[in-house]
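**Q** sharing a sequence plus its predicted fold:
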Amino acid sequence: MSNENEHKGEAQKSRDFLREEIDKDLAEGRYKGVITRFPPEPNAYLTIGHTKAICINFGIAEEFGGQYNLRFDDTNPAKEGQEYVDAIKEDIRWLGFEWGEHEYYASDYFPQLYQWAVALIEKGLAYVDDQTADEIRENRGTLKDPGKDSPYRERSIEDNLDLFARMKAGEFSDGAKVLRAKIDMASSNINLRDPVMYRILHIEHHRAGNEWCIYPIYDWAHGQSDSLEGVTHSMCSHEFINNRPLYDWYIEKLGIFPSRQIEFARGNITYTALSKRYDRQLIEEGHADGWDDPRLYTLRGLRRRGCPPEAIRRFWTEVGIARRPNNIDISLLEFCIRDQLNKTATRRMGVLDPLKVVIENYPEGESEELQAINNPEDESAGTRAVPFSRELYIERDDFMEDPPRKFFRLAPGREVRLRYAYFITCTEVIKDDNGEIVELRCTYDPATRGGNAPDGRKVKATMHWVSAQHAVEAEVRLYDRLFKVENPLKAPEGGTWTDNLNPDSLQVLNPCYLEPSLASTEPGSSCQFERLGYFCADSKDHTAEKPVFNRTVTLRDSWARAQKQQQQQKK
RNA sequence: UGCCUCCUAGCACAAUUGGUAGUGCGCCUGAUUCUGGUUCAGGAGGUUCUAGGUUCGAGCCCUAGGGAGGCAGCCA
């Protein structure tokens, strides 16, 4: 009671216009409760772009104690299929929403839609048009100029009823006729220039089979489906704003439950090309490895990359909702991923670019186990044992022979801490004929076991390491942004958009050396490689014998940032 | 050039509906730390697209202009 806001969580963020509109509708008694829907077309895999609509529709319904429906907008059998239905359901569940019994299909409404179409014909509000697709397009006019009435516009109701019935009966070939709403060919809103309601398609539907050869167009199916389901708030992206007058027209003329469509701006994200068309091209041309390529922003790709679903939901609440065009910085998503994983991911040690270290005063052939904390942010995660021995691997860039002033890590004569283990001091650098460093000789201080010096002396760096004889060999895939420019769809002069691809978006490291506990990681699960980043055991290729990890995102790294800045200054 | 929507720090959004601008991310500084992570403290950064007008007072209302995006599938 002391602070009501504390219990509201996300909802206490200042209210966006959608929630305000719903508040108003409820207060005015326009609707008694809240029912929303997410209406995917089952013709592609979901991307992070779709999840904004899911989070808004499902999230708001949940918040208002209402109901949310998953409805497949399966009105175009030419492009749709069951495999997408299954994939979409799986992806939404992974995101964290459960629609329960409220799973619907526009195709289940085909009979009702047909009856309503007949009703509109009877009211003189719809007619069968014999014009070809080209003629219809020509007569629609342009953005500036009004359209022309179809020569078939004034057919009698009887003729229309008869023709429409025969369309349904399969008497006509694809494209021979359409049913159109009779509205206004001179409307400044092109959607109102006698929009097509039905087209003839002699194609089997993945659910309705061969029962139908006429299929409703989006505008004619969508609003009516909303109404049938009692959807109160049909929240969709901005590009449908010009369709709203038509949405309202159908509902009004039919006199059915008045669902309300409200539009919000879709979320554009820097460095991404969120569209099935572009993803498909990337896959077909081999720039990406399939719909679950970890560099893609499909939900399958994100999942395989190791992005937790909580991060995606958090991302959209951080972004907020507005009507203005936007371009969200991808680093906000990265922040959400790190923040989530920081709280939940167990810590492990893994060396990606190994440099051998021999502890000269550590007895040969011996080893011991040291206790390491699994997650400093979560005490309940407990501890584990990590083996230590005379020969170790450390990260190559944790050593510099001739370090600059602010480099705190290992260097000749310098003492650092090996995490959870000992202080070591570098005594000798061994190089090959090319002058390449191949090995370091060090000594350790047995008194610092566990990582602290009894005499209280400090070191400036703590480094991760792996015992050579106990290490597990693994492949690690370092993913980076797929594109090197913020807006990948903007082709460079004289080139195409794929010229924007980042050639270094995937770097495969092999062999990497990981602490032994990592071999038993479950495919798909995440952990932090200390000091490096968050990694995820690959859901396809990872096995105990041959571990494969994907880098989800690096840790924030102020040292790397400073380095980068220095390099840029030199230029 | 028609219609629709929009314009507030680098990015995304707020501003109790007319009372001289805040939040998160990003950036910078410092403290803490067995992760150059986390956490904490502090800081920089805005002519609220422009110009007029109404008003004691305008980010908000009015007028004009500018800019961005969407719309001409028998796709959704």
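**A** Received, thanks. Numbering: from 1, shown residues only, chains lettered A, B, ... in the order given.

**Q** can you list the residues of the stretch 1-150 of chain A near RNA strand B?
**A** Contacts of the stretch 1-150 of chain A with RNA strand B, taken as CB under 7 Å from any atom of the strand, map to A:14-17, A:20, A:39, A:41, A:73, A:75-76, A:78-79, A:131-133, A:136-137, A:140-144. Every residue, glycine included, has its C-beta placed from N, CA and C.

**Q** how close does the closest residue to A:Ile373 other than its chain neighbours sit to A:Thr346?
**A** Distances taken as CB to CB, 6 or more residues apart in numbering put A:Thr383 closest to A:Ile373, at 5.6 Å, once the chain neighbours are dropped. Note on A:Thr383: its distance to A:Thr346, by CB to CB, to the nearest Å, is 11 Å.

**Q** again, but for A:His287
**A** A:His287 is 33 Å from A:Thr346, where distance means CB to CB.

**Q** in chain A, what residue is nearest RNA strand B?
**A** When scored by CB to the nearest atom of the strand, chain A has A:Gly451 as its residue closest to RNA strand B, at 1.9 Å.

**Q** so that residue sits in a strand?
**A** No. Under the criterion used here (DSSP: H, G, I helix; E, B strand; the rest coil), A:Gly451 is coil, not part of a strand.

**Q** hmm, A:Tyr420 and it touching each other?
**A** Yes. With contact defined as CB atoms under 8 Å, A:Gly451 counts as touching A:Tyr420 (5.5 Å).

**Q** so those two - more neighbours on which side?
**A** Neighbour totals were compared for A:Gly451 and A:Tyr420, and A:Tyr420 leads with 22 against 16 (other CB atoms under 10 Å).

**Q** if I look at the closest residue to that one other than its chain neighbours, what pLDDT would I see?
**A** Spatial nearest neighbour of A:Tyr420, excluding adjacent residues (CB to CB, 6+ apart): A:Ala372 at 4.4 Å. A:Ala372 carries a pLDDT score of 98 in this model.

**Q** and for A:Ala372, the neighbour number?
**A** 19.

**Q** pretty sure it contacts A:Phe388?
**A** No. Using CB under 8 Å, A:Ala372 makes no contact with A:Phe388, being 10.5 Å away.

**Q** in three-state terms, label the residue nearest to A:Tyr104 when sequence neighbours are not counted for me.
**A** Nearest residue to A:Tyr104, sequence neighbours excluded (CB to CB, 6+ apart): A:Arg71, at 4.2 Å. Using three-state DSSP, the secondary structure recorded for A:Arg71 is strand.

**Q** tell me the pLDDT at A:Arg71?
**A** 98.

**Q** state the helix or strand in which A:Gln224 lies.
**A** Assigned by DSSP states H and E, A:Gln224 falls within helix A:218-228.

**Q** for that helix, give the mean pLDDT please.
**A** Averaging pLDDT along helix A:218-228 yields 98.

**Q** next secondary structure element downstream of that helix?
**A** Trace forward from helix A:218-228 with DSSP H and E and the next one is strand A:233-237.

**Q** so what does the helix or strand that that next one is followed by touch, helix or strand wise?
**A** For strand A:233-237, the following helix or strand on the C-terminal side (DSSP H and E) is helix A:244-254. Secondary-structure packing of helix A:244-254 (3 or more CB pairs under 8 Å, 6 or more residues apart in numbering; DSSP states H and E): helix A:110-122, strand A:178-181, helix A:218-228, strand A:260-264.

**Q** just to revisit the earlier point, and for A:Thr383 and A:Thr346, which residues touch both?
**A** A:Asn374 (CB atoms under 8 Å, 6 or more residues apart in numbering).

**Q** out of these two, which sits in the busier spot?
**A** Shown here are A:Thr383 and A:Thr346; by other CB under 10 Å, A:Thr346 has more neighbours (17 against 13).

**Q** isn't that one up against A:Gln528?
**A** Yes. A:Thr346 is in contact with A:Gln528 according to CB under 8 Å; the separation is 7.2 Å.

**Q** returning to that earlier point: pull out the buried members of the residues of the stretch 1-150 of chain A next to RNA strand B.
**A** For those, a burial check counting by 16 or more other CB atoms under 10 Å picks out A:16, A:39, A:41, A:73, A:75-76, A:131, A:136, A:140-141.

**Q** from those, which land in helices?
**A** A:Ile136 (DSSP state H).

**Q** return the item of the buried ones among the residues of the stretch 1-150 of chain A next to RNA strand B having minimum pLDDT.
**A** A:Asp16 (94).

**Q** the stretch 301-450 of chain A against RNA strand B: which residues are in contact?
**A** Residues of the stretch 301-450 of chain A lying close to RNA strand B by CB under 7 Å from any atom of the strand are A:318-329, A:331-332, A:335, A:338-339, A:342, A:347, A:375-377, A:406-409, A:417, A:419-420, A:450.

**Q** now a ChimeraX select for only the buried ones of the residues you listed.
**A** Restricted to buried positions by 16+ other CB under 10 Å, the ChimeraX selection for those reads:
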select /A:319,321,328,335,338,342,347,375,407,408,409,417,419,420
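
**Q** select from the residues of the stretch 301-450 of chain A next to RNA strand B every entry located in helices.
**A** Among those, the members falling in helices (DSSP H) are A:318-319, A:331-332, A:335, A:338-339, A:342.

**Q** ok, these vs A:Leu478, which is closest?
**A** Minimum distance to A:Leu478 across these is 16.3 Å, recorded for A:Arg338 (CB to CB).

**Q** I figured that closest one hits A:Asp557, correct?
**A** No. The pair A:Arg338 and A:Asp557 fails to qualify as a contact (CB under 8 Å) at a distance of 11.2 Å.

**Q** is A:Tyr215 in a helix, a strand, or coil?
**A** Classification of A:Tyr215 by three-state DSSP places it in strand.

**Q** quick one: contacts for it?
**A** A:75-77, A:198-199, A:201, A:205.

**Q** could I get the buried residue list for stretch A:112-121?
**A** A:113-114, A:116-118, A:120-121.

**Q** next: stretch A:303-321.
**A** Buried, per 16+ other CB under 10 Å, within stretch A:303-321: A:303-317, A:319, A:321.

**Q** with that, I have no additional questions.
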